[in-house]
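Participant: just to be clear, the model below is a prediction. Sequence and coordinates:
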Protein chains: 2
Amino acid sequence: MDELKTIEWKNGKVRILDQVRLPNELVLLEISDHHGIVKAIKEMNVRGAPAIGIAAAFGVVLGIWNASDTDRALFLEKSNKAIDDLKATRPTAKDLFWALDRMRKKLSANLNRPVNEIKIELLKEAQNILENNITNCKRIGRNGAALLPANANILTHCNAGALAMGGYGSALGIVRAAVEQSKKVKVYSCETRPLLQGARITCFELMEDDINVTLICDSAAAYVMSQNLVNAVIVGADRIAANGDFANKIGTYGLAVLAKQHHIPFFVAAPLSSIDFDIKTGKEIVIEKRAPEEITKIGDMEIAPEGVPVLNPAFDVTPHQFISALITEKGVIRPPLFEGLSKQKNKS
Amino acid sequence: MDELKTIEWKNGKVRILDQVRLPNELVLLEISDHHGIVKAIKEMNVRGAPAIGIAAAFGVVLGIWNASDTDRALFLEKSNKAIDDLKATRPTAKDLFWALDRMRKKLSANLNRPVNEIKIELLKEAQNILENNITNCKRIGRNGAALLPANANILTHCNAGALAMGGYGSALGIVRAAVEQSKKVKVYSCETRPLLQGARITCFELMEDDINVTLICDSAAAYVMSQNLVNAVIVGADRIAANGDFANKIGTYGLAVLAKQHHIPFFVAAPLSSIDFDIKTGKEIVIEKRAPEEITKIGDMEIAPEGVPVLNPAFDVTPHQFISALITEKGVIRPPLFEGLSKQKNKS
């Protein structure tokens, strides 16, 4: 996966690998203004909480990159507009707000400098967010892999892989690190309806890296657990509350209940940027409801009766009680998660 | 749904509503020999345990319908061949074997009569199986509806509806009966990957009957339960063991675990023909594994990377401990199911 970059800054533009068209087509979107990033986030050409944050950070840069260096008022107007537009793209992923917050702080800290220098500072900040995320994923990977047995049979959901991050991945970072540690790894990938990120992206990533992967329907996870085919569940997170409750792709909560029923450890892998210390519990997390057509159509093909009412929540919330460990770049947090998270907050 | 018949005998041929093409196309397959029924069962143009049994019974009739009335040896050879071929179509649904057993017994009981009369007896038996199934579904419906609250918010999986039976449905028979009893009914239908019987068939059936239905992804069931949107889960069964363990469409077991976690009653609706008293527990039920392409393709469209390994069990087994009640045409069996089933066995 080293050659395929999720997001890249190149000659004043942002290149994004179009995740809507994977795995059938490898298409790089070249985006030159912040509206293009807004669209790419909304339409999920780029997805995964950290990747959304990184894309948004570069979106802020695009929003001001071609602004006049001499009109400071217009520059500020453009940067605020870009931040506001990007903030309104999707409600659930914490990393989006975290990354935009970092960009706004960087802007504030450099307000007195010449506009052309602020531009460079903002670009550097976006690049830092990207690079730090990759470093953090590698740490998450090592921290998590240490928890796995020599024969690790892992079930994962959606894609918390290189393509959901700057690179390497959080849940799939653990998979990669386990392989690097010479563990024998087998992954069951839930296809992850409606948008099939598990089938299209996780399977693609793991096959690219020659890691043993088997695709299952989401509803086959209980069967797989009941047949003792997996000994760990690892998922990512879009937002983690102060008590450890977390939002992730719809279906995650069900997997957590099933893992508990089958006495299988349930691990959550996420960078600290996914933690929202401002909310006490998962009840405060806003769950995005997406369009019915994501469920009723595949491509242009209708797969449900015309006009059927649909409920399409993009995420669900898993209560902290179901989590065996939260794996971050700073180490493994064990229950009671509230305590571990609180210590982490005070350190940061 | 009264005008749409799952299976019908018409002028020496069998008409089957092609369930593969629903809801986009309403196509009646006209089948004139037993090989056509074998193919329709294997390729799931007709599906649902009781409907498979009914189709197989008519398949036996087609197998001998045009046989010479004067060559008794050939007639017997043809009838045995038809029964054997039909038996080998799919391994899990009990009703298939039950219906073929009834046809074989009817054949044995009439062996001394003229061939043309045996043919009529076999046709009558197939028609009896069909008509009794509809009657039984209506009884299941009434028995089950009595268990539901005045505001029944029901989650169901796959299609245990009119099109899985001779008509009316088992799980959906309960839904229909509840509506007839003027209960306020709302149904959440899991789309039921890979073949989408929930989206394509259950939603279609309920919309035809103006019953309030909402389509969800299979993985959203846990969310729906956590939001208190449902107060009953009702599913069908493909085979029920003597202790109450049962096989049903993949995903059913996961729903049972989730229902228990959320203290939601979990009802299984099935005619007695789905009970296999010869097996003690669900461990003995053969689970059919179907082709990878059911998961990796929708129509002709590839939705997963080429060559990805796939595990595609068509069913899972839910242990009896998760069942709140088993609803049959003869009444409601409550835990301990082994006891209730054993009484039923002795009566029959």
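Facilitator: Cool, the structure landed.

Participant: and A:S324, what does it touch?
Facilitator: Taking C-beta atoms under 8 Å, 6 or more residues apart in numbering or on different chains, we find A:S324 in contact with A:P265, A:F266, A:F267, A:R334, A:P335. Yep, even glycine has a C-beta here, placed from its N, CA and C like the rest.

Participant: among the residues you listed, which lie within strands?
Facilitator: If you go by DSSP state E, these have A:F266, A:F267 in strands.

Participant: excluding its backbone neighbours, what's nearest A:R47?
Facilitator: A:Q19 (5.8 Å; C-beta to C-beta, 6 or more residues apart in numbering or on different chains).

Participant: and of the contacts of A:S324, the nearest to chain B?
Facilitator: Nearest to chain B among the contacts of A:S324 is A:F266, at 13.4 Å by C-beta to the nearest C-beta.

Participant: what's the burial count for the closest one?
Facilitator: For A:F266, the count of nearby residues is 21 (other C-beta atoms under 10 Å in any protein chain shown).

Participant: would you check that it makes contact with A:L255?
Facilitator: Yes - shown here, A:F266 and A:L255 form a contact pair, counting by C-beta atoms under 8 Å, at 7.4 Å.

Participant: ok, the residue nearest to A:N66 when sequence neighbours are not counted to A:A325 distance?
Facilitator: Nearest-residue entry for A:N66: A:G12, 7.6 Å, with adjacent residues in sequence omitted and distances by C-beta to C-beta, 6+ apart. Distance of A:G12 to A:A325, given as C-beta to C-beta, to the nearest Å: 42 Å.

Participant: tell me which of these two has more neighbours.
Facilitator: Between A:G12 and A:A325, counting by other C-beta under 10 Å, A:A325 is the more crowded of the two (21 against 11).

Participant: residues touching that one, list them.
Facilitator: A:L147, A:P265, A:F267, A:V268, A:V332, A:I333, A:R334, A:P335 are the contacts of A:A325 under C-beta under 8 Å, 6+ apart.

Participant: how about the second one, what does it touch?
Facilitator: Translated: A:P265. A:L147, A:N231, A:A232, A:V233, A:A259, A:S324, A:A325.

Participant: cool, and the first one?
Facilitator: A:L147 is in contact with A:A232, A:P265, A:F267, A:A325, A:I327, A:V332, counting by C-beta under 8 Å, 6+ apart.

Participant: and the pLDDT at it?
Facilitator: A:L147 carries a pLDDT score of 98 in this model.

Participant: which ones are touching the residue in the stretch 1-150 of chain A positioned nearest to chain B?
Facilitator: Closest approach between the stretch 1-150 of chain A and chain B, counting by C-beta to the nearest C-beta: A:P23, at 4.3 Å. With contact taken as C-beta under 8 Å, 6+ apart, A:P23 is in contact with A:R200, A:I201, A:C203, A:F204, B:A304, B:P305, B:E306.

Participant: closest to B:L28 out of those residues?
Facilitator: For the contacts of A:P23, the residue nearest B:L28 by C-beta to C-beta is B:A304; the value is 32.9 Å.

Participant: mind checking the SS state of that closest one?
Facilitator: At B:A304, secondary structure determined by DSSP: H, G, I helix; E, B strand; the rest coil is coil.

Participant: neighbours of it, just the number please.
Facilitator: 24.

Participant: wait, it sits on A:L215?
Facilitator: Yes - using C-beta under 8 Å, B:A304 is in contact with A:L215, at 5.7 Å.

Participant: and for the two, which residues touch both?
Facilitator: By C-beta under 8 Å, 6+ apart, the residues touching both B:A304 and A:L215 are A:E191, A:A199, A:C203, B:I295, B:T296, B:V310.

Participant: distance check, the second one against chain B.
Facilitator: The reference is to A:A199. Distance, A:A199 to chain B, using C-beta to the nearest C-beta, to the nearest Å: 4 Å.

Participant: what's the answer for the third one, then?
Facilitator: Between A:C203 and chain B the computed distance is 5 Å (C-beta to the nearest C-beta).

Participant: equivalent analysis for A:H320, please.
Facilitator: Distance of A:H320 to chain B, given as C-beta to the nearest C-beta: 14 Å.

Participant: spatially nearest residue to that residue (excluding sequence neighbours)?
Facilitator: With C-beta to C-beta, 6+ apart as the criterion, A:H320 has its nearest non-adjacent residue at 3.1 Å, and that residue is A:G244.

Participant: per-residue pLDDT, the one you found?
Facilitator: On the pLDDT scale, A:G244 gets 98.

Participant: what about it, neighbour count?
Facilitator: Neighbour count of A:G244, defined by other C-beta under 10 Å: 25.

Participant: who's in contact with it?
Facilitator: Per C-beta under 8 Å, 6+ apart, neighbours of A:G244: A:H320, A:I323, A:L326, A:I333, A:P335, A:P336, A:L337, A:F338, A:L341.

Participant: what sits against the fourth one?
Facilitator: In other words, A:I333. Under the criterion of C-beta under 8 Å, 6+ apart, the contact list for A:I333 reads A:G244, A:A325, A:L326, A:I327, A:G340, A:L341, A:Q344.

Participant: so what strands line up beside the one helix or strand the fourth one maps to?
Facilitator: Pointing back at A:I327 there. Using DSSP states H and E, A:I327 sits in strand A:325-328. Sheet pairing of strand A:325-328 (DSSP bridges) gives strand A:266-269 (parallel), strand A:331-333 (antiparallel).

Participant: tell me which of those strands approaches B:A73 most closely.
Facilitator: That would be, of the strands paired with strand A:325-328 and by C-beta to C-beta, strand A:266-269, which comes in at 63.8 Å.

Participant: quick one, helices of the stretch 1-150 of chain A?
Facilitator: With DSSP state H, counting those that start in this stretch as the criterion, the stretch 1-150 of chain A has helices at A:34-42, A:49-65, A:72-87, A:94-109, A:115-145.

Participant: got the buried residues for the last one?
Facilitator: Which is helix A:115-145. Residues of helix A:115-145 classed as buried by neighbour count (16 or more other C-beta atoms under 10 Å in any protein chain shown): A:115, A:118-119, A:122-123, A:125-127, A:129-130, A:132-134, A:136-145.

Participant: give the next helix or strand downstream of that helix.
Facilitator: Taking DSSP H and E, what comes next after helix A:115-145 is strand A:151-156.

Participant: could you confirm whether whatever helix or strand comes next after that next one reaches chain B?
Facilitator: Once the chain leaves strand A:151-156, the next helix or strand it forms, by DSSP H and E, is helix A:171-180. No - figure legend: helix A:171-180 not in contact with chain B (C-beta under 8 Å from any C-beta of the partner chain); closest approach 14.7 Å.

Participant: quick one: buried residues of the helix or strand immediately after helix A:171-180 in the chain?
Facilitator: Once helix A:171-180 ends, the next helix or strand along the chain (criterion: DSSP H and E) is strand A:184-190. Of all the residues in strand A:184-190, those buried under the rule 16+ other C-beta under 10 Å are A:V185, A:K186, A:V187, A:Y188, A:S189, A:C190.

Participant: any idea which of those residues is closest to A:A51?
Facilitator: A:S189 (18.1 Å).

Participant: list the contacts for the closest one?
Facilitator: Counting by C-beta under 8 Å, 6+ apart, A:S189 has contacts A:T156, A:G198, A:A199, A:T202, A:C203, A:L206, A:V213, A:T214, A:L215, A:I216.

Participant: likewise for A:A221?
Facilitator: By C-beta under 8 Å, 6+ apart, the contact set of A:A221 is A:L155, A:H157, A:Y188, A:C190, A:G254, A:L255, A:L258, B:G254.

Participant: go on, A:A67?
Facilitator: A:L74, A:F75, A:K78, A:V115, A:K119.
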